[in-house]
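# got a structure for you, letters missing:
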C-alpha cells in the first residue's frame, strides 16, 4: 500500500512539471480550455498590473521643433530647462540645449516665454533660431 502512495505522489509531481513545461512552451491546442485560461491570465496581467510597477510613465519631449520657415526655426523648450536661467543668458543656454539634444548647431536669436492666460505662470519657452 505504501508503494502505491509513492507512485501517486510521483505521478502528481510529474504532471505538475508537465503542465509547467506546457505553459512555458505554449503547448496547448487552440480553442482548448487550457489555451483559453492561459490567454485569460495574460490579459488579466496586462490590464490589471499597475503602470507604476514598470516605471513606464509617458513624458512629453522637453525640446520640440515647432516650425521652420525661410531658415528661421521655432523650438519649444520645456519650462524646467530654462526657468532658473537669467533672461540675458537664456539664448546661450537654449543653444547648448538644442545642440546637446538634437545635434544641430543653430544660433538662437531670442527666447520668449509662453505664459498662461492670466500671464502669471510660464508654461514653456520658444527659441527662435537662425542657421
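Perfect, thanks for sending it. Please read all numbers here as calculations on a predicted model, not as lab measurements.

# can you give me the strands for this structure?
Taking DSSP state E, the strands of the chain run over residues 63-69, 72-77, 107-115, 122-130.

# mind giving me the packing neighbours of the first one?
Going back to what we said before, that points to strand 63-69. Secondary-structure packing of strand 63-69 (3 or more Cβ pairs under 8 Å, 6 or more residues apart in numbering; DSSP states H and E): strand 72-77, helix 90-102. Where C-beta positions appear, they are placed from N, C-alpha and C, glycine not excepted.

# go again with 6 Å.
strand 72-77 (3 or more Cβ pairs under 6 Å, 6 or more residues apart in numbering; DSSP states H and E).

# list the contacts of the strand it packs on.
With Cβ atoms under 6 Å, 6 or more residues apart in numbering as the test, strand 72-77 has contacts from 63, 64, 65, 66, 67, 94, 98, 124, 125, 126, 127, 129.

# how about 8 Å then?
In this structure, residues lying in contact with strand 72-77 by Cβ atoms under 8 Å, 6 or more residues apart in numbering are 62-68, 94, 97-98, 106, 109, 111, 114, 124-131.

# stretch 86-106 now?
Contacts of stretch 86-106 (Cβ under 8 Å, 6+ apart): 62-63, 65, 73, 75, 77, 81-82, 85, 107-111, 125, 127, 129-131.

# same question, stretch 123-131
By Cβ under 8 Å, 6+ apart, the surrounding residues in contact with stretch 123-131 are 66, 71-79, 81-82, 90-91, 94-95, 98, 106-116.

# quick one: find the helix or strand in this structure with the lowest mean pLDDT.
Lowest by mean pLDDT, DSSP states H and E among the helices and strands of the chain is helix 2-25, with a mean of 62.

# narrow the contacts of stretch 86-106 to just the buried residues.
Among those, those buried by neighbour count (16 or more other Cβ atoms under 10 Å) are 63, 73, 75, 77, 81, 82, 85, 108, 111, 125, 127, 129.
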